[in-house]
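Test case, fold it:
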Amino acid sequence: MTSVPPLSESQRQQARAAATQVRRHRAAAKARLRTGDLHLSAFLDLAENDDVLAHIKVVDLLRSLPRVGDKRAADTMERLDIAPSRRIRGLGRHQLAALREEFR
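The predicted structure is shown next:
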């Protein structure tokens, strides 16, 4: 078993700042979905080239859409055969196409 090397205080601060920036980027994108400024299809296009967005869980993405709560997100994912733990980057092309069709 390998252990993680200890980080200096400045390295910890840099890591915290980077993590905060990532969370803010994801939150801003989900907020744009929630308000309707960004459509699901456009979000999926952005996620193809943005590693931060590509690591969002599909269920969190769906719950960010207007009129989609926990129940509808879970039902949609089950119907489209998407695992609850799946992230956007892990979706296949058929699953992506089905999501686009479902929420166009």
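
The residue most central in space within the chain: what's it in contact with?
Centroid-nearest residue in the chain: I56, 1.9 Å away (criterion: C-alpha atoms, centre = their mean). I56 makes contact with R26, A29, K30, A47, R87, I88 under the criterion C-beta atoms under 8 Å, 6 or more residues apart in numbering. For the C-beta atoms, the positions are set from N, CA and C on the backbone; glycine is no exception.

Only the buried residues of the longest helix belonging to the chain, if you could.
Counting by DSSP state H, the longest helix found in the chain is helix 9-35. By neighbour count on 16 or more other C-beta atoms under 10 Å, the buried set for helix 9-35 is R26, A29, K30, R32, L33.

Roughly how far does R23 sit from R104?
In this structure, R23 and R104 are 29 Å apart, going by C-beta to C-beta, to the nearest Å.

Ok, A18 next?
A18 sits 35 Å away from R104, taking C-beta to C-beta as the criterion.

Outside of stretch 61-73 itself, list whatever touches it.
Stretch 61-73 is contacted from outside by K30, A31, L33, R34, G36, L40, F43, V59, T76, M77, I88, F103, using C-beta under 8 Å, 6+ apart.

Correction: the previous question concerned stretch 88-103.
Residues outside stretch 88-103 that contact it (C-beta under 8 Å, 6+ apart) are 39-41, 44, 47, 51, 53-58, 61, 65, 76, 80-82.

before we move on, the earlier item: in TSV: the buried residues of helix 9-35, plus distance to L99.
Formatted as TSV, those follow (distance: C-beta to C-beta, whole Å):
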residue	distance to L99
R26	18
A29	16
K30	15
R32	17
L33	13
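
A97: neighbouring residues, count only.
13 (other C-beta atoms under 10 Å).

Figure out the helix or strand that it lives in.
Assigned by DSSP states H and E, A97 falls within helix 93-102.

That helix - what's its average pLDDT?
Mean per-residue pLDDT for helix 93-102: 93.

Any stretches of the chain with poor pLDDT?
1-2 (pLDDT under 70).

Repeat the analysis, applying 90 as the threshold.
Scanning the chain for pLDDT under 90 picks out 1-9, 11-12, 36, 103-104.
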